[in-house]
Structure formats: C-alpha cells, structure tokens
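1. For reference, the sequence and a predicted model appear below.
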Amino acid sequence: MGIRVLIVDDSATIRRIITRCLDRAEVGVTEVFEAGDGCEALDLLARQPVDVVLTDINMPNMDGLQLLGEIRKCKEWQMIPVLVITSESGSEAVGEAVSKGAAG
C-alpha cells in the first residue's frame, strides 16, 4: 500500500514543487492531496485518510501551527506525522511547531 500525503500551502507553485520532489524521490507516495490553508486541510482530512501531512506555517485563514494543533486534538488524527516546511528562519516558529507535536 502506498503513502498518501497531504500538502498544505497557500502557494500552488510550492505545492507543485513538493509534489514533484516526492515523485522524483521515489519514496512510495501513491496519492497526493492539496489544500491552500489549514481550514481546507481539515475539511480534506475529514473526508480522506492520509499517512502524512506536509504543511507551511504562514497561510491565510488557518496557519500551519493552528492546523497542527487541531490535528493533535482529534483522536483519529493524533498519530498522523506532520512535517512543517517553512522559510521561517527564526527558531521561535520551529520551536513552537515541535512543542505542538510536529514530527519534523
């Protein structure tokens, strides 16, 4: 069974780049789902099981840290690894992501 990945970023270009990287890495990803912000991601998670979430931090409506918090609150989603992909260079945002349960 392949890996189902949810990519959450407000930039469609970044979502395409990540998808292409996953494809070229040949790590067993069979399905990629996309969301433009945390709200869209939660809606998708309610309908579609995924194995891993890759999320940006800075997004409109619901940012990646808020999304991470919501995922960790839901019993059904608590064990989904969430990886934060960001251009944030400050350790504060990264530290917050780790403290909220980011896998990396």
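-> Ah, there it is.
2. which residues are contacting the lowest-mean-pLDDT helix or strand in the chain?
-> Least confident helix or strand of the chain, by mean pLDDT, DSSP states H and E, is helix 91-99 with a mean of 74. The contact list for helix 91-99, computed with C-beta atoms under 8 Å, 6 or more residues apart in numbering, reads I57, G64, L65, L68, V84, T86, E88. All C-beta atoms are positioned from the backbone trio N, CA, C, and that covers glycine.
3. Now that helix - C-alpha only, CSV.
-> The C-alpha trace of helix 91-99 is given here as CSV (Å, rounded to 0.1, in the frame of the first residue of the first chain):
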residue,chain,number,x,y,z
SER,A,91,13.8,29.3,15.9
GLU,A,92,10.7,30.5,17.7
ALA,A,93,8.3,29.2,15.0
VAL,A,94,10.2,26.0,14.6
GLY,A,95,10.3,25.5,18.4
GLU,A,96,6.6,26.1,18.6
ALA,A,97,5.9,23.6,15.9
VAL,A,98,8.0,21.0,17.7
SER,A,99,6.3,21.7,21.0
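4. ok so, going back, and the contacts of helix 91-99, which is closest to E26?
-> Nearest to E26 among these: V84, at 23.2 Å, using C-beta to C-beta.
5. Next, give phi and psi for that closest one.
-> phi -100, psi 120 (degrees, to the nearest 10).
6. just checking, what packs against the longest helix along the chain?
-> The residue-count maximum for a helix in the chain (DSSP state H) belongs to helix 12-25. Counting by 3 or more C-beta pairs under 8 Å, 6 or more residues apart in numbering; DSSP states H and E, the packing neighbours recorded for helix 12-25 are strand 3-8, strand 29-35.
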